[in-house]
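> Got a sequence here, can you model it:
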Amino acid sequence: MTLIAAAKGADMKDDRLLAMRVFSAVAESGGFTAAAQALRVSQPFVSQTIARLEDRLGARLLHRTTRGHSLTPEGRVYLDGCRSAIDGVEQAEAALQTSAEQVAGLVRVSAPLAFGLDRITPILPSFLAKHPKIDLDLVLTDDSVNLIEDRIDLAIRMGQLTDSTLRARRLCALRRIVVAAPSLVAQFGQPQWPEDLSAFPSLCWDGARTHLNLWQFETPDGPYRHEAKGRVRCNTGMAMFQLCRDGVGIMRCAEHLAKPAIARGELVPLLDQFTQQDDAAFHAVFLPGRNIQPRLRCLLDFLIDHFEKPEW
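Below you'll find the model as predicted:
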């Protein structure tokens, strides 16, 4: 039977790829509501699509419980096939996008507030001019976003990575410097040893980043750990930086903010000779997959190239 003859006796509308995308979103997010948010569709649409898919396949793909959804053995097999099919479509479309002007689509990006305002926002005009068909959603937050639930394509994270399920590319090293406003140094004096920091008021992290209130130093006598304490606690690094410049307290500040402020005379480094070095860095993280989408690849390459030699 020819394709034309088959078409005459069949409905040419084929929603199988759409159903595969919906099922993959449910499987990867763990629920209908999260999948609906990721796909920007209604929850009933997701439920109906999965129901029709299971009816057409004659197999149960998901176990439904009050705590969420999990894959059946048939669902795990089908998910592998879905990923292969979706990757094939992405590759076919990517093969036609041979220049920066042709790459199109939306990329949702998340970054820490201070780094986003200080280092990401200023370079976006250059990226957008180079890629006129790419749209960006920028989310600046010091909270650790969930890439699936928050529909994030690429997140910039600072420190040491803990989520081994994500793919990551290193952008640049992250070094933190203890700094104070000149007025605070004039009031309390220049500390000579890490123990002297206890005389200074500190700006402290609140919320999920309280572990950053433990400052590590390397002295001739060995490692020394100082616990930052003070009247002011905050959940955003940018607010702490502004308060530090105003002389409210000392802080352990990322060098992309600290070094320019030191050069301008707004801040003074403290105990820089004892600062402990580690392998912390800024990373770009994204969901694993066989093939990265061209629009995401363009942004990732742009960021890697830009931060290869940090300006600060």
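
> so where do the strands sit in this protein?
62-65, 68-71, 105-111, 134-140, 154-159, 167-173, 176-180, 203-205, 214-219, 222-227, 232-234, 251-254, 268-269, 281-286 (DSSP state E).

> okay, those strands in JSON lines with mean pLDDT and mean neighbour count next?
The way it works is simple: take the backbone N, C-alpha and C, and place the C-beta from them, glycine included. JSON lines is the format used below for the strands of the chain (pLDDT from 0 to 100; neighbours: other Cβ atoms under 10 Å):
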{"stretch": "strand 62-65", "mean pLDDT": "82", "mean neighbour count": "13"}
{"stretch": "strand 68-71", "mean pLDDT": "80", "mean neighbour count": "16"}
{"stretch": "strand 105-111", "mean pLDDT": "93", "mean neighbour count": "20"}
{"stretch": "strand 134-140", "mean pLDDT": "94", "mean neighbour count": "15"}
{"stretch": "strand 154-159", "mean pLDDT": "92", "mean neighbour count": "21"}
{"stretch": "strand 167-173", "mean pLDDT": "91", "mean neighbour count": "16"}
{"stretch": "strand 176-180", "mean pLDDT": "95", "mean neighbour count": "24"}
{"stretch": "strand 203-205", "mean pLDDT": "96", "mean neighbour count": "22"}
{"stretch": "strand 214-219", "mean pLDDT": "93", "mean neighbour count": "16"}
{"stretch": "strand 222-227", "mean pLDDT": "93", "mean neighbour count": "12"}
{"stretch": "strand 232-234", "mean pLDDT": "94", "mean neighbour count": "17"}
{"stretch": "strand 251-254", "mean pLDDT": "95", "mean neighbour count": "26"}
{"stretch": "strand 268-269", "mean pLDDT": "96", "mean neighbour count": "18"}
{"stretch": "strand 281-286", "mean pLDDT": "92", "mean neighbour count": "20"}
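
> Out of these, which is closest to Glu195?
strand 222-227 (7.5 Å; Cβ to Cβ).

> hmm, back to that, how about the strands of the chain in CSV, adding distance to Pro194?
Shown next, in CSV, are those (distance: least, Cβ to Cβ, whole Å):
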stretch, distance to Pro194
strand 62-65, 52
strand 68-71, 47
strand 105-111, 31
strand 134-140, 32
strand 154-159, 21
strand 167-173, 22
strand 176-180, 9
strand 203-205, 17
strand 214-219, 4
strand 222-227, 5
strand 232-234, 21
strand 251-254, 12
strand 268-269, 14
strand 281-286, 24
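
> Among the ones you listed, which comes closest to Phe127?
Per Cβ to Cβ, nearest to Phe127 of the strands of the chain: strand 134-140, 7.8 Å.

> With respect to Arg21, which of the strands of the chain lies nearest?
strand 105-111 (14.4 Å).

> relative orientation of that closest one and strand 281-286 in degrees?
150 degrees (axes from the mean of the first three to the mean of the last three Cα atoms, to 10 degrees).

> Pull up the pairing partners for strand 105-111, direction included.
Each strand paired with strand 105-111, and its direction, by DSSP bridges: strand 134-140 (parallel), strand 154-159 (parallel).
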